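Asker: Predicted model, plus sequence, below.
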Amino acid sequence: MSEGTDGAEVISGGYLPIDEEASVRANRSYWDNSAEEYLAEHGTFLGASDFIWCPEGIHESDVRLLGDVARKQVLEVGCGAGQCSRWLAEQGAITTGVDVSAGMLEQASRLQREHPLSAEATPPTFLLADARQLPFASNSFDRAFSSYGALPFVKDAEVVFAEVARVLRNGGQWVFSTTHPMRWMFPDVPGEAGLTVEYSYFDRTPYVELSSDGQPVYAEHHRTMSDWVRLLVEAGFTLDSVTEPEWPEENRTAWGGWSPLRGALMPGTAIFSTTLTKD
């Protein structure tokens, strides 16, 4: 058992129904209370001003999924501590990050103070906001992206897609990384026990953790590969490519259920690259 986000003891975790608002409340509380610990554990891997797409360690400087961002208005959805937006700012982008967690945005402010960007870069703007209700006018951005932000933690991802489509300009790119749907079938552990199928790929029941008083304190949602494609198409996006990163030999870091052992056998991340076409 572990401590919940509000100090309550987490006594159970399993596959349970949860509604949209309860999921957001649980995850906001989770990230508010775990932000400092999360950065202490993963901050070296993520860097202060680096753009890492996934636990495999794929860097945007190597894959350039967002293309040339110089002088582009770029939105990061679920920005966490803002490392990706900070890296893009160093490439000449005008970046804005939103996150539902005030705790994570406090870490973004800390990184800004402790690791200032170069004089040539425009520091990102970070805002507290729900990805399902983006506080921007329509047609405000040239690019939007998310590196494991928001989407695994909301039940209604279609609402996030609709909002991203609204704030993007016609022809804008929307690129996001998320847990590969295949991983849902396996226990979330890095070793041999994580190589045996235990759950149905087609069971979309969320994973939910409950506190000792029965309140949700964490929720994560599963969508199949076809679910993701359907939601993107319905929101007006054209799917340009799907990247399933192989685990690099030089990466010996285990991150929860992501590990060199499992990464050598199965994809852990899916990165969807899309383009918006408005009527």
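Answerer: Received the coordinates, thanks.

Asker: When you work out contacts or count neighbours from here on, use the C-alpha atoms and nothing else.
Answerer: Fine.

Asker: how about the strands of the protein, start to end?
Answerer: 2-3, 9-15, 73-77, 94-99, 125-128, 141-147, 168-179, 207-211, 216-220, 237-243, 269-276 (DSSP state E).

Asker: Paired strands for the fifth one, with orientation please.
Answerer: According to DSSP bridges, strand 125-128 has the following sheet partners: strand 94-99 (parallel).

Asker: And the pLDDT for K278?
Answerer: pLDDT for K278: 84.

Asker: List the residues that contact it.
Answerer: 170-171, 236 (CA atoms under 8 Å, 6 or more residues apart in numbering).

Asker: One more pass at 7 Å, please.
Answerer: 170, 236 (CA atoms under 7 Å, 6 or more residues apart in numbering).

Asker: Give me the number of neighbouring residues for D68.
Answerer: 12 (other CA atoms under 10 Å).

Asker: Make sure I271 is actually in contact with S177.
Answerer: Yes - using CA atoms under 7 Å, I271 is in contact with S177, at 4.2 Å.

Asker: I'd like the strands of the chain written out as a markdown table, with distance to S49 and mean neighbour count added.
Answerer: As requested, the strands of the chain are arranged in a markdown table below (distance: least, CA to CA, whole Å; neighbours: other CA atoms under 10 Å):
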| stretch | distance to S49 | mean neighbour count |
| --- | --- | --- |
| strand 2-3 | 30 | 12 |
| strand 9-15 | 33 | 16 |
| strand 73-77 | 14 | 26 |
| strand 94-99 | 13 | 25 |
| strand 125-128 | 14 | 18 |
| strand 141-147 | 14 | 23 |
| strand 168-179 | 18 | 22 |
| strand 207-211 | 31 | 21 |
| strand 216-220 | 27 | 25 |
| strand 237-243 | 23 | 16 |
| strand 269-276 | 20 | 22 |
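
Asker: Out of these, which gets the lowest mean score?
Answerer: strand 2-3 has the lowest average pLDDT among the strands of the chain, namely a mean of 39.

Asker: Just give me how far the helix ranked longest in the chain sits from the chain centre.
Answerer: Criterion DSSP state H: the longest helix present in the chain is helix 20-46. Relative to its chain's centre, helix 20-46 lies at 11 Å (CA atoms, centre = their mean, to the nearest Å).

Asker: per-residue confidence averaged over it?
Answerer: Mean predicted confidence for helix 20-46 is 96.

Asker: now the angle from that helix to strand 216-220?
Answerer: 70 degrees (axes from the mean of the first three to the mean of the last three CA atoms, to 10 degrees).

Asker: So which bits of helix 20-46 are buried?
Answerer: 22-33, 35-36, 39, 46 (16 or more other CA atoms under 10 Å).

Asker: out of those, who's nearest D99?
Answerer: Proximity of those to D99 (CA to CA) peaks at R28, which lies at 9.1 Å.

Asker: what's the distance between the closest one and S212?
Answerer: Separation of R28 from S212 (CA to CA, to the nearest Å) stands at 18 Å.

Asker: One more: V63?
Answerer: For V63, the distance to S212 - CA to CA - is 44 Å.

Asker: Neighbour count: the two, which is higher?
Answerer: S212 (15 against 11).

Asker: Could you check the pLDDT of that one?
Answerer: For S212, the pLDDT comes out at 88.

Asker: for G7, same thing?
Answerer: 44.

Asker: before we move on, back to that, counting by contacts, list what the longest helix of the chain packs against.
Answerer: When contacts are defined as 3 or more CA pairs under 7 Å, 6 or more residues apart in numbering; DSSP states H and E, helix 20-46 sits against helix 102-114, strand 216-220.

Asker: relative orientation of that helix and helix 102-114 in degrees?
Answerer: Using the same axes, to 10 degrees: helix 20-46 against helix 102-114 is 30 degrees.

Asker: Report the beta-bridge partners for the closest residue to G171 other than its chain neighbours.
Answerer: Nearest non-adjacent residue to G171, counting by CA to CA, 6 or more residues apart in numbering: L276, 5.0 Å away. Following DSSP bridges, L276 is listed with bridge partners F237.

Asker: again, but for V208
Answerer: Here V208, judged by DSSP bridges, has bridge partners G14, A219.

Asker: No further questions, thank you.
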